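J.: Build me a model from this:
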Amino acid sequence: MADEVVEFLFQETPSGDVFVTMPDDEALLLEPDAEDIYQRERVLAGKLAPSVAREVVAQLKGVQAAPGFAGSQPEGSSGVGSTEAEAITARAARRQTVVNPILDRKRWMRGRLATEAGLGKNSVYKYLDGTRDKITTENRKALADALGLGEDQLPD
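T.: Have a look, this model is predicted:
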């Protein structure tokens, strides 16, 4: 993968608001929140995640797995199938579109969701980042209950 520099312009006002100018010249306002010190980071990460995921998928399409590693592909094939990477990105987007606004409203991080649902952090993180294809019925119910949703409202 080629090293590429992506520039963001951060400007803080005297009131503590931070304006971020994204690479596509879109401006993003990050307001301070004394009760939630990570609120800005979640907003920024939520905004950047889809574009970063698209860039990573584009870069991974041409990467071949190293020989000898579990799951390595035959010579000449891609290490990460484009359809697999695209499916992961699409799953993550669907899930985060529903879950992240609820986490923001509750002022929870992913770890807090795991605790409230009685699940391991990896279950929640992998569910939300799309790398976990399916979750068990029990875990789906626990997540939905913690988020105040019905099981059918939680994306696959």
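
J.: all contacts plus neighbour counts: C-alpha atoms, from now on.
T.: OK.

J.: Low-confidence regions, this protein specifically.
T.: Where the chain drops to pLDDT under 70, the residues are 1-8, 22-24, 32-41, 44, 47-82.

J.: need the strands for it, in chain order.
T.: 9-12, 18-21, 27-30 (DSSP state E).

J.: Can I get the second one as PDB, trimmed to CA atoms?
T.: The C-alpha atoms that make up strand 18-21 are tabulated as PDB, following Å, rounded to 0.1, in the frame of the first residue of the first chain:
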ATOM      1  CA  VAL A  18     -13.800  22.900  16.900                       C
ATOM      2  CA  PHE A  19     -14.300  23.300  13.200                       C
ATOM      3  CA  VAL A  20     -12.900  20.500  11.100                       C
ATOM      4  CA  THR A  21     -12.400  21.000   7.300                       C
END
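
J.: Sheet-wise, list the partners of it with their directions.
T.: In the sheet, strand 18-21 lines up against strand 9-12 (antiparallel), strand 27-30 (antiparallel) (DSSP bridges).

J.: how about the strands of the chain in JSON lines, adding distance to Val99 and mean neighbour count?
T.: Shown next, in JSON lines, are these (distance: least, Cα to Cα, whole Å; neighbours: other Cα atoms under 10 Å):
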{"stretch": "strand 9-12", "distance to Val99": "27", "mean neighbour count": "13"}
{"stretch": "strand 18-21", "distance to Val99": "24", "mean neighbour count": "17"}
{"stretch": "strand 27-30", "distance to Val99": "20", "mean neighbour count": "16"}
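
J.: possible to save the ones you listed as JSON lines with distance to Arg112?
T.: Formatted as JSON lines, those follow (distance: least, Cα to Cα, whole Å):
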{"stretch": "strand 9-12", "distance to Arg112": "29"}
{"stretch": "strand 18-21", "distance to Arg112": "26"}
{"stretch": "strand 27-30", "distance to Arg112": "22"}
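
J.: now for those, which one comes closest to Asn100?
T.: Across those, Asn100 has its closest neighbour in strand 27-30 (16.2 Å, Cα to Cα).

J.: For Ala144, give me its contacts.
T.: Residues in contact with Ala144 (Cα atoms under 8 Å, 6 or more residues apart in numbering) are Gly150, Glu151, Gln153, Leu154.
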